[in-house]
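>>> sequence and predicted model, in that order:
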Amino acid sequence: QIQRALRSLSVPLERLHIMKGHMMEDMCKGLSRQTHAQAKVRMLPTYICSTPNGTEQGNFLVVELCQSQVRTLFVTLYGDGNMSPNMVYQIFNLPEGITQGKGEALFDFIAQCVSQFRAEIIRSDPGISEQRLPLGFVFPFTCRQTQLDKAELLSWSKGFNCNDVLGKDVVELLQSAINKQELCHVDVVALMNDTVGTMMTCSTEGRPCEVAMVADKGSNCCFMAEAYLVETTNETSGRMCVNTEWGCFGDDGTLDDIVTPYDECVDVESSNPGQKRFEKMVGTLYLGEIVRHALIGLTAEKAVFTETDIGVLREKGVFTMKNILDIVNNEEGTTEVKRILEDLGLQPSERDCGRVQQICRAVVGRAATLHATGLAAILSYMCQTRDMETLMVNVGMDGELYQGYPRFTEILLSVSRLLSPECMATLMPSRDGSGRGAAMVTAVALRLAALRREVNEVLAPLRLSRADLEKVQALMREEMERGLGKETNATASVRMLPTYVSHTPDGTERGDFLALDLGGTNFRVLVVRVTEEGISMASEIYVIPTPIMQGTGEALFDHIIDCIIDFQQKQSLVTDMLPLGFTFSFPCQQVGLDKALLLTWTKGFSASGCVGQDVVQLLRDAARRKQHLGMQVVALVNDTVGTMMACGYDDPKCEIGLIVGTGTNACYMEEMRNVGTVEGDQGRMCINMEWGAFGDNGCLDHLFTHFDKVVDESTINPGKQRFEKLISGMYLGEIVRQILMVMTEKQLLFQGKLSSKLQTRNIFQTKFLSTIEVNGLALRQIQAILNELEIEASFEDSVLLREVCQTVSLRAAQLCAAGLAAVVEKMRENRGVDQLSVTVGVDGTLYKLHPCFSTNLQNTLKDLAPNCNVSFMLSEDGSGKGAALVAAVANRAAN
C-alpha cells in the first residue's frame, strides 16, 4: 500500500512532457484575444514593459497587503545601478475579521497604515513632507489590469473575502482611501502582485531578471513576453510582463490522470471545489492537507498507525507545512518525526515514522516537480517566441516552499532542464520579498514616463495630424492645376508633363512587341508576345561600359542598336519589323509619343551630343547607320507610365501609376480639356506628374523638420525634389539616422554613446526599416542590425529604434496618400461622379518590401478620399512589359 501511495504521488517524465505541452497550449490560449476567456492559465497583462536599468532614482512608498499584515516601505534609489537602495519598513497586523468584512474598511485600514508610516518618515526627515511620493501597491490577488494603475479584482483567495470589491478598480479604492486621510502628496502609480514584485526585486542585482516564481501558500509565475503576442492589450512593441495565474491550470480536467484520491479529498473540503487544481497540488496552503489525507487513507488500509487512534488527523489543518518541512529536512533518523507526531497526539511506531517521512517527501517532491514543469513550459515558450536556439535567463524566486525545502532548487533545475534542454535558468533568491520590487516597478514607470515625454518631443514634428494631411492634399491639388495651366506651368513645382499616351490597354492588343529599358549602367531588351492566352516575355540584360557611357552619343546609341540586333538574332526575330517601346529614365521634355528632348544626363552618363536632342531620333539614326530594319520606335515611355500600362492590361480600371522605391512619382489619365500645355480638348492623356519636386517652391516648408533639412543639405541637389526626400527609399534611412543621433545626444538612446559608424552618412539603409518593422521580429534581430553599426543596444533601445522607424515610414506613407488623394479627387470631379472606382498600378521596393507602408498608404487614402474606391495592383515589370504595351496600344490606335 505504501509503494502504491508513493507511486501515485510520483509523475513519470513522459507524463511531465505531456503536461508541459498542455500548459504551453493553455498559455497561448490565454494570450489570444479569441480564446482568452476559455483559458485556465489566465496570462494577465501587467503593463510592466521594462525591467530596471540602474538609473532609477528618488523616494518611493510601497504598501504590501500580506496574509495577515500590511507591510509599508520607504525606498530611496540613488541611480547607482540600484545596488544599495536605502529601505525603511514598518509592519501593521490586520485587525481580526477585516479580511471577511467590508472592502471599504480594508482599504481605509491600508491607507491609515500609509499615513502613520509617512508621518514616522517625516519625523526623521522633515524635508520629505512637501515631496510628492509615488506609491507602488502589492496586491496578491487575481486582477484584470488595463493599465499599470488600473486593475479590476477578479477573485479573492488566501482566506480573504471582503464584500463590495469584486469587479472594482482596487487602485481607485486605495487612492480614494488615501485621499480620505488627506495625503495629498501620495499618488498610487503602479499595482502589481507579489510574483511581479519578486521579478523586479531580483532585477536590481545588476542582471536583468525576466521570470519570477513564487512557491508559497499559493503558486504563481510571471515572465516578460513579446508584447505583440499579448493580444488582450494594444501594445505591439517590446515586451510586457505577463502574470500567468497558473493556479487554475488543470481546472478543465487536463490533470485528472495525475490527481490522487488524497488531492480529491483536499479539493472537496476546500472553499472552491473544482477550481485551482494545480495550486492545490503545489501550494503550501494545501500540502499539509494532502499528507493528512494520505495518512488517513493508509491507516484505513492498515499500512500505518495500526496501534494508535488517529482521531486527531480527522481535524482539518492539524498537519501544517511547518510539520512537513521539519520532517523532510531531518536527515538523522526518525527521532524528530516521532516528536512531531507525538506532539499531534499520535503514538507512532518506528515503522510509522519512516513511512510518514516517505509520504511527506513524496508530496513536497511532487510539488517541486510540478513547479519545474510549469517553469519548463514558460522557458520553452520564451525561447520559441524569441526565435532563439538557446535561452539563458534569470529566474527570481520566493516563497515558503522555495525557502524552506533545500532540495526544491535542485529538483526545479534538474527537472526543468530535462523538459527544456534548450533553456538554462539561473535562480536568483528574492532578498526583500516583493516590496523592493514594487518600488522598482514604480521607479521604472516614472523613468519611462519621463523618457516618453522626451521621445514625443523629438518625434512630434514628424507626426502628422489629419489637418496636416488635408493641407498637403489641397496644396498638391493647387500645384497640379498650376502644372496643367499653359501660363503657370513654367513656375509650378509639380510639372504635369504630357506623355502623349492617350489610351490604356483594352485587351484587344495582339502581336510581338519590343521594349528597350535604359535607366543605368545595365539595360534590358525584351520581346513581349501578346496573345489571347495572355502575355509572355523573353529578355536579356546588356552592359554599357563606362567609356561608352562617357563617350559620344553616336557610340552610345550604336552600342544599344548592336545589343538589340544581338537579341533579335537570338530570338529569331531579325526578319520582323517590330514596334518598340522605349523606357528612357532620364529627364526629358516629351513633345510627342515618339519625340522627347533630353534635358540632362544623370546616373553617371555624360555622352556628348545628346542633351537637347530627340533621343528617339538618336536611336533611329543609329539603326539607320547599322542598317537595322527589324524595329520601329513608336513610343518613348517613363517608368511610371509603364507601370500604369502593365497593370492596365490586367485591369481596365487602372488609370493611375505610382512608383515608391528609390524615388517616387505618379501619373494618371487627365481630361484633354484640362491640359493647357497641349492642343486639343478631346479624350484623355496620361500626365507624368513628376511629383518628387512638389514643395520645391517652399509650399511644404512648414512640414520640414530639422532632420529633413539636414538630410536635404547633404544631398547632391539641395532644395530640389523636396517631396521625394520625405517619402522615397533613398532618404528614409538617413532621416532615421539623424533622429537616432539627436536622441543619443539627448541620452535617450544607447546610454548616450554615439558610435563612429552611426556618424557615417547613409550607413543606416532603408532596408533596415523594412526589417525592423516586421511585426513579431525578435528584438535580438534588431540588436543584430545595431551590432553591424557597432552599437551596443539594450532591449529598450531596440523598442525605441522600432518606434523611430515606424514614425518615419508612417509619415512617408501618409504624405504619399495625401498626394494620391489629390489625384483621385481631381479625377472624380473631372468625371462628375459621386463615387469613383479606380485602380492604381504600383511599383517600387519601398511599397513592395516594407511590411507596413502599403497598409498605411491605403488606410490614409481611404480616410482622405472617402468618395473614391481605390484598388492597388502590384506591377510586374512596368519599365519592360509596360513599355511594350504602350507600343501595342499605339499600334492598335494606328491600325
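Right, received. Where do you want to start? Since the structure is predicted, the reported quantities are computational estimates derived from the model, not experimental observations.

>>> where do the strands sit along the stretch 151-300 of the chain?
For the stretch 151-300 of the chain, applying DSSP state E, counting those that start in this stretch gives strands covering 186-192, 211-215, 219-226, 239-243.

>>> could you export the helix or strand of the chain at the bottom of the mean pLDDT ranking as CSV, CA atoms only?
Every helix and strand in the chain was compared by mean pLDDT, DSSP states H and E; the lowest is helix 779-788, with a mean of 77. Presented in CSV, the C-alpha positions along helix 779-788 are these (Å, rounded to 0.1, in the frame of the first residue of the first chain):
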residue,chain,number,x,y,z
LEU,A,779,14.2,42.1,-30.8
ARG,A,780,17.6,40.3,-30.8
GLN,A,781,17.4,40.5,-34.6
ILE,A,782,17.1,44.3,-34.3
GLN,A,783,20.1,44.1,-32.0
ALA,A,784,22.0,42.2,-34.7
ILE,A,785,21.4,45.2,-37.1
LEU,A,786,22.7,47.5,-34.4
ASN,A,787,25.7,45.3,-33.9
GLU,A,788,26.6,45.8,-37.5
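
>>> any idea how far residue 153 is from residue 232?
Going from residue 232 to residue 153 by CB to CB, to the nearest Å gives 17 Å. All C-beta spots, glycine's among them, are computed from the backbone N, C-alpha and C.

>>> domain assignment for the protein?
Using the TED database, the domain parsing of the chain gives 1-25+255-406, 39-214+429-454.

>>> now those domains as a markdown table including mean pLDDT?
Listed next are the domains of the chain as a markdown table, based on pLDDT from 0 to 100:
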| stretch | mean pLDDT |
| --- | --- |
| domain 1-25+255-406 | 93 |
| domain 39-214+429-454 | 89 |
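
>>> ok, which of those comes nearest residue 526?
domain 1-25+255-406 (40.7 Å; CB to CB).

>>> chain center to the closest one: distance?
41 Å (CA atoms, centre = their mean, to the nearest Å).

>>> got a list of contacts for stretch 245-255?
If you take CB atoms under 8 Å, 6 or more residues apart in numbering as the criterion, stretch 245-255 is touched by 19, 22-23, 26, 40-44, 142, 157, 218-221, 256, 259, 274-279, 281, 283, 374.

>>> all strands of the stretch 351-500 of the chain, in order?
For the stretch 351-500 of the chain, the strands defined by DSSP E, counting those that start in this stretch occupy 391-398, 423-429, 497-498.

>>> ok, which of these comes nearest residue 507?
Smallest distance to residue 507 across the strands of the stretch 351-500 of the chain (CB to CB): 25.2 Å, for strand 497-498.

>>> packing partners of that closest one?
strand 588-592, strand 684-688 (3 or more CB pairs under 8 Å, 6 or more residues apart in numbering; DSSP states H and E).

>>> just the endpoints, please. Distance across stretch 78-85?
Length of stretch 78-85, first residue to last, CA to CA, to the nearest Å: 7 Å.

>>> kindly report the same for stretch 540-551.
24 Å.

>>> any buried residues in it, and which?
Neighbour counts using 16 or more other CB atoms under 10 Å place 542, 544, 548-550 of stretch 540-551 among the buried residues.

>>> now stretch 337-356
Neighbour count says stretch 337-356 has 337-338, 340-341, 344, 346, 348, 352-353, 355-356 buried, by 16+ other CB under 10 Å.

>>> helices and strands around the helix or strand encompassing residue 736, which ones?
Residue 736 belongs to helix 729-745 when elements are defined using DSSP states H and E. When contacts are defined as 3+ CB pairs under 8 Å, 6+ apart, helix 729-745 packs onto helix 435-459, helix 706-713, helix 724-727, helix 766-772, helix 795-831, helix 845-849.

>>> which among these is found nearest to residue 381?
helix 795-831 (17.7 Å).

>>> ok now the helix or strand just after that closest one, how far from the chain's centre?
Remark: after helix 795-831, the chain's next helix or strand is strand 836-843, criterion DSSP H and E. On the basis of CA atoms, centre = their mean, strand 836-843 sits 30 Å off its chain's mean C-alpha point.

>>> got a list of contacts for strand 836-843?
Applying CB under 8 Å, 6+ apart, the contact partners of strand 836-843 are 639, 643-648, 651, 653-661, 820, 824, 827-828, 848, 854, 867-875, 878.

>>> cutoff 6 Å now
With CB atoms under 6 Å, 6 or more residues apart in numbering as the test, strand 836-843 has contacts from 643-644, 647, 651, 653-659, 827-828, 868-875, 878.

>>> next: stretch 641-651.
Stretch 641-651 has contacts (CB under 6 Å, 6+ apart) with 499, 501, 504-505, 583, 654, 657, 667, 686, 839, 841, 843, 873, 875, 878-879, 881-883, 885-886.

>>> now the buried members of these.
For these, buried by 16+ other CB under 10 Å: 499, 501, 504-505, 583, 654, 657, 667, 686, 839, 841, 843, 873, 875, 878-879, 881-883, 885-886.

>>> if we can go back for a sec, make a markdown table out of the helices and strands packed on strand 497-498 and add mean pLDDT and distance to residue 810.
Below are the helices and strands packed on strand 497-498 laid out as a markdown table (pLDDT from 0 to 100; distance: least, CB to CB, whole Å):
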| stretch | mean pLDDT | distance to residue 810 |
| --- | --- | --- |
| strand 588-592 | 87 | 34 |
| strand 684-688 | 93 | 27 |
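
>>> could you dump those into a markdown table and include distance to residue 201?
Listed next are the helices and strands packed on strand 497-498 as a markdown table, based on distance: least, CB to CB, whole Å:
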| stretch | distance to residue 201 |
| --- | --- |
| strand 588-592 | 69 |
| strand 684-688 | 65 |
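
>>> and residue 208, which of those strands is closest to it?
Nearest of those (CB to CB): strand 684-688, 54.9 Å.
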